[in-house]
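Undergrad: test case, fold it:
(chains A and B)
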Amino acid sequence: MKKKEILVLEELLGSNKKIASEIRKRLEEKGILTINLLSSPGAGKTTLLESIAEKLKPDYKMAVIEGDIETERDAERIRAKGIPAWQIITGGACHLEAKMVGKLFPEIPTDLDFLFIENVGNLVCPASYDLGENIRCVLLSVPEGDDKPKKYPKAFTTSDCLIISKSDLLPVLPFDLEHAQKEALDINPKLKIFTTSALKDSGIADLIEFFISSLNQLRQKNA
Amino acid sequence: MHELSIVASLFEILEEKAKEQKAKKVTAITVKVGALSGVVSEFLITAFDVYKKDTIAEEAELKIEEVPLKVKCQKCGAVIIKDDFVFLCEKCESRELKTLAGTELLLEKIEMEV
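TA: As a prediction, the model looks like this:
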């Protein structure tokens, strides 16, 4: 018996990253902008998507991949808006992985403008998994409190965009909007911040404008 | 708690390397865990100890090397270890910081008997 030591230096999530890069490349080639939505459960990801769907529908084609531990409920809500949606039921897993998205690839229409991926509601684990998105958005809803960015740094440092949702509750809850924005920018100075209320239809047009300009940039890059 | 699925990825690499080296058994594994890797070292060890049963690494120890978040200011060049994740240069107050280390989750080395 001989002792041996080998240097490996391999990323543990390397295989996920590889699959994610392949997904991103293939979707970009088709001119599809992919957006990964992260948040704790109940921050309003599905409601925001319903609202986005209403606004994008007349001019753009979108589809949604829904990730949940159980039930087809979220995909049904999106389909009710006339939008194609697939449900990934993780059966207990707390996050989506690139290979789960990759499996759906043959079903994704090639003439889409936007592909939204609604991750499993969890502000911790999904942050470690690249799904091949172009834009990662983290939602922070007003009832959750303004202290979340520093408590869950990974979700905020890996995101491109912060959506402060349920802003209609600002007048009745002790949520300091400025403090939340400052905390988020402290840990990620590059974050684009949007404040939205799906209920009152506020701030969503600005968010959509950001998605459309990002789509145009992606297509210019392709041209 | 996604540490178990990370351990599953670790074993994919580990088993492949052990086979390549024709290892009789794996005795230790060193993993580098960055402060911003999104992984809790204690959970990683617990998940590893559950997963290793009936594998080539059954008797192996998982050693963790924690890596702090290290950034470099793009303006004044200061290299700083951050423990609060606030991306602000303490010397010149610039927010243009480049991350040098602390986001990694790396299988560094494997010790084995061949």
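Undergrad: can you list the residues of chain B near chain A?
TA: Taking Cβ under 8 Å from any Cβ of the partner chain, the part of chain B that reaches chain A is made up of B:1-2, B:5-6, B:9-10, B:12-13, B:17, B:21, B:23-24, B:27, B:31, B:36-39, B:84-88, B:95-96, B:104-114. Using the backbone N, CA and C atoms, a C-beta is placed for each residue, glycine as well.
Undergrad: among those, which ones are buried?
TA: B:2, B:5-6, B:9-10, B:13, B:17, B:23, B:27, B:31, B:36-39, B:85-88, B:95, B:104-107, B:109-112 (16 or more other Cβ atoms under 10 Å in any protein chain shown).
Undergrad: buried stuff in the one helix or strand residue A:54 maps to?
TA: Here residue A:54 sits within helix A:45-56, counting by DSSP states H and E. For helix A:45-56, the neighbour count (16+ other Cβ under 10 Å) marks A:45, A:46, A:47, A:48, A:49, A:50, A:51, A:52, A:53, A:56 as buried.
Undergrad: touching, the fourth one and residue A:201? I think so.
TA: Meaning residue A:48. No: Residue A:48 is beyond contact range of residue A:201, at 11.2 Å (criterion: Cβ atoms under 8 Å).
Undergrad: which helix or which strand is home to the most centrally placed residue in chain A?
TA: Centroid check for chain A by Cα atoms, centre = their mean gives residue A:37 as the closest residue, at 1.7 Å. Residue A:37 belongs to strand A:33-38 when assigned by DSSP H and E.
Undergrad: does any part of that strand sit near chain B?
TA: No: on the criterion Cβ under 8 Å from any Cβ, strand A:33-38 is out of touch with chain B, staying 11.7 Å away.
Undergrad: again, but for stretch A:114-130
TA: Yes: legend: contact between stretch A:114-130 and chain B by Cβ under 8 Å from any Cβ is shown at A:124, A:125, A:127, A:128, A:129.
Undergrad: for that stretch, what is the distance to the chain centroid?
TA: Using Cα atoms, centre = their mean, to the nearest Å, the mean C-alpha position of stretch A:114-130 is found 5 Å from that of the whole chain.
Undergrad: what is the rounded mean pLDDT of it?
TA: Stretch A:114-130 comes out with an average pLDDT of 96.
Undergrad: what about the strands in chain A?
TA: Secondary structure of chain A by DSSP state E: the strands cover A:3-11, A:33-38, A:62-68, A:85-89, A:114-118, A:135-141, A:161-165, A:192-195.
Undergrad: residues from chain A in reach of chain B?
TA: Applying Cβ under 8 Å from any Cβ, we find that chain A lies next to chain B at A:1-16, A:93-95, A:97, A:124-125, A:127-129, A:150, A:153-154, A:157, A:186-189.
Undergrad: what about the helices in chain B?
TA: B:3-20, B:41-51 (DSSP state H).
Undergrad: before we move on, back to that, take the buried residues of helix A:45-56 and lay them out in a markdown table including pLDDT.
TA: Output for these, formatted as a markdown table (pLDDT from 0 to 100):
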| residue | pLDDT |
| --- | --- |
| A:45 | 97 |
| A:46 | 97 |
| A:47 | 97 |
| A:48 | 98 |
| A:49 | 98 |
| A:50 | 97 |
| A:51 | 97 |
| A:52 | 98 |
| A:53 | 97 |
| A:56 | 97 |
